[in-house]
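1. coords below, sequence missing:
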């Protein structure tokens, strides 16, 4: 289920363990942190939802006022699922679905001159190397606005790191078996 404009609308997922959607409660916490003290904080924002899975985080961002979301997902099945979820909400604009690896998607966005307000990344928990590579790239990239926020969802026992060359974690939350690390440029 999502909140905002598309409140209480269910999203589909794939059976099995190929996709681990961000739990409703954790997603609610994520958006509460981002809008604390400023309910309109997401209005007109531009997002990248990396390792997008079901697209739930990006769809929630659209539901809460984002003007554009770039869904980046390498799995063909998951990309079809994101399209199905967008279609079920009758969303026809405000997004781009990129079926590529996260690193290629970020390079493409950078080459196109896209500048993001928010980046959410949620690689499979067993691919811990992906966190460091993606966060390191983002810390040096021109794809982030100066005040952009990068959020990494990870297992509660895994710490993606406090600092990257140009980016520092400013908040870490643990909820159940998952955690969220929030980063900004230093």
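-> Everything's here; your move. All figures in this text were calculated on a predicted structure; none of them were measured in a lab. Numbering: from 1, shown residues only.
2. find the centremost residue of this structure, please.
-> Among the residues of the chain, the one closest to the centroid is residue 120, at 2.4 Å (C-alpha atoms, centre = their mean).
3. which of the helices or strands spans it?
-> Residue 120 is part of strand 116-121, with elements assigned from DSSP states H and E.
4. check which helix or strand covers residue 42.
-> For residue 42, there is no enclosing helix or strand under DSSP H and E.
5. that one contacts residue 63, correct?
-> No: Residue 42 is beyond contact range of residue 63, at 9.4 Å (criterion: C-beta atoms under 8 Å). To be clear about C-beta, it is placed using only N, CA and C from the backbone, and glycine gets the same treatment.
6. more neighbours: which of these two?
-> More crowded of residue 42 and residue 63, by other C-beta atoms under 10 Å: residue 42, with 22 against 19.
7. am I right that residue 70 sits in a strand?
-> Yes: under DSSP: H, G, I helix; E, B strand; the rest coil, residue 70 falls within a strand.
8. hmm, back to that, and the strand holding residue 120, which strands flank it?
-> Strands adjacent to strand 116-121 in the sheet, as given by DSSP bridges, are strand 46-50 (parallel), strand 144-155 (parallel).
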